[in-house]
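A.B. asks: Show me the folded form of this:
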Amino acid sequence: MIEAFLEMMSAERGAALNTLQSYRRDLEDADRFLRARGAGGLHAAQTADLSAYLHGLEAQGFAASSQARRLSALRQFFRFLFAENVRSDDPTGVISSPKKQRGLPRHLSMEAVSRLLETARREALEGKKSPAQARRTARTHAIVEFLYATGLRISELTRLPATILHREEPFFMVKGKGGKERLVPLSDSARHAGQAYRMLLEGDERARQCPFLFPDDSFSGPVARQVLARDLKATGARCGIAAESLSPHVLRHAFATHLLENGADLRVVQQLLGHADISTTQIYTHVMDERLHALVSAHHPLAASGNRQ
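C.D. replies: As a prediction, the model looks like this:
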């Protein structure tokens, strides 16, 4: 039944490979636990069995977010069994989700991002490099410019087609989670950095055949996310940014945070990030507190102490 569920998620809901692999790991782990408990396997589990499994995760020190993710996989699995008339009930229906403590996203200050951009730009322009080094530094410069200018997820960035550089519009379409498309801004500096990188690839016929803006070294597919993250951290280290403070996702957070700090509307940021629900974007509102406090203090008629009754 796990295999049937995964086939349904792939065929009917278009779940990504990483999502399917995550579901498989979580469901097979629950199945092993329940068989060891004598419950007869996951498909036959009762509410008490699943509660025991989740309590076991908590006892092992799993974070609330990890417990919630596994419960979500179980819920979807049993809804599938119910829809297929394999079961007449949903044993997860009365199980409460673990309370997750949502931490604030890490992000860089505007000054730190400026240092990172300047370092990446300078290293890309430096001479006396091998062709491979020239391509790598140009790619890193383009990656930093693109991440900060667009707020893209790294998975979205690596799948970008090279053809977006041929367009003159300041926006382009990107397909995000769930296959949903959205408009993403492209700054002139990001476009120029991307064009400079692509110019270094023009002499290789394989580059012209590869559709991706950022291909891997063999031009057989997109560059690996881990490669980009490694080069980004190395560049950050050379301008005083600790490795643990920098990642492609941190630049996505910086994109959103700096927009809000400079007066952007939360709904606009939601659309640019590709969040389906505004509640996901609201995690960034902590950066608006000081600005909103100053706004109210300056403009609300009761803000001045002399006006209070």
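
A.B. asks: So residue 90 versus residue 239, what's the distance?
C.D. replies: To residue 239, residue 90 is 53 Å away according to Cβ to Cβ, to the nearest Å. Every residue, glycine included, has its C-beta placed from N, CA and C.

A.B. asks: actually residue 23, not the one I typed
C.D. replies: For residue 23, the distance to residue 239 - Cβ to Cβ - is 40 Å.

A.B. asks: who's more crowded, those two?
C.D. replies: Higher neighbour count among residue 23 and residue 239: residue 23, with 23 against 17, using other Cβ atoms under 10 Å.

A.B. asks: Retrieve the pLDDT associated with that one.
C.D. replies: What the model reports for residue 23 is a pLDDT of 92.

A.B. asks: quick one: contacts for it?
C.D. replies: Applying Cβ atoms under 8 Å, 6 or more residues apart in numbering to residue 23 gives the contacts 5-6, 9, 15, 73, 76-77.

A.B. asks: Of all residues in the chain, which one is nearest the centre?
C.D. replies: Centroid-nearest residue in the chain, with Cα atoms, centre = their mean: residue 153, separated by 4.4 Å.

A.B. asks: show me what contacts it?
C.D. replies: Contacts for residue 153 (Cβ under 8 Å, 6+ apart) come out as 176-177, 248-249, 252, 274.

A.B. asks: Take these and keep only those in helices.
C.D. replies: Within those, membership in helices is found for 248-249, 252, as judged by DSSP state H.

A.B. asks: can these go into TSV with extra columns for neighbour count, distance to residue 144 and pLDDT?
C.D. replies: Shown next, in TSV, are the ones in helices among the contacts of residue 153 (neighbours: other Cβ atoms under 10 Å; distance: Cβ to Cβ, whole Å; pLDDT from 0 to 100):
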residue	neighbour count	distance to residue 144	pLDDT
248	21	9	93
249	15	13	91
252	22	12	91
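
A.B. asks: which one of the residues you listed sits closest to residue 122?
C.D. replies: Closest approach between those and residue 122, by Cβ to Cβ: residue 248, at 20.6 Å.

A.B. asks: what about that closest one, distance to residue 135?
C.D. replies: Here residue 248 is placed at a distance of 19 Å from residue 135 (Cβ to Cβ).

A.B. asks: And residue 46, how close does it get to residue 280?
C.D. replies: Distance, residue 46 to residue 280, by Cβ to Cβ: 33 Å.

A.B. asks: What residue spans form the domains of this protein?
C.D. replies: The chain breaks down by automatic domain parsing into domains covering 2-83, 110-247.

A.B. asks: For stretch 134-150, what does the pLDDT average out to?
C.D. replies: Mean predicted confidence for stretch 134-150 is 96.

A.B. asks: Send me it as CSV with only the CA atoms.
C.D. replies: Only the C-alpha atoms of stretch 134-150 are listed here, as CSV (Å, rounded to 0.1, in the frame of the first residue of the first chain):
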residue,chain,number,x,y,z
ALA,A,134,37.3,32.1,-14.3
ARG,A,135,34.0,30.1,-14.9
ARG,A,136,33.7,29.3,-11.3
THR,A,137,34.1,32.8,-10.0
ALA,A,138,31.9,34.2,-12.7
ARG,A,139,29.2,31.7,-11.8
THR,A,140,29.5,32.5,-8.1
HIS,A,141,29.1,36.2,-8.8
ALA,A,142,26.0,35.4,-10.9
ILE,A,143,24.6,33.1,-8.3
VAL,A,144,24.9,35.8,-5.5
GLU,A,145,23.3,38.4,-7.7
PHE,A,146,20.5,36.2,-8.8
LEU,A,147,19.7,34.9,-5.3
TYR,A,148,19.6,38.4,-3.7
ALA,A,149,17.7,40.0,-6.7
THR,A,150,15.0,37.3,-7.0
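
A.B. asks: what about the closest residue to residue 139 other than its chain neighbours, neighbour count?
C.D. replies: Of all residues beyond its chain neighbours, the one nearest residue 139 is residue 197 (5.2 Å), with distances taken as Cβ to Cβ, 6 or more residues apart in numbering. Neighbours of residue 197 under the rule other Cβ under 10 Å: 24.

A.B. asks: just residue 211 next, same as before
C.D. replies: Residue 211: 13 neighbours (other Cβ under 10 Å).

A.B. asks: That one and residue 160, how far apart?
C.D. replies: Distance, residue 211 to residue 160, by Cβ to Cβ: 10 Å.
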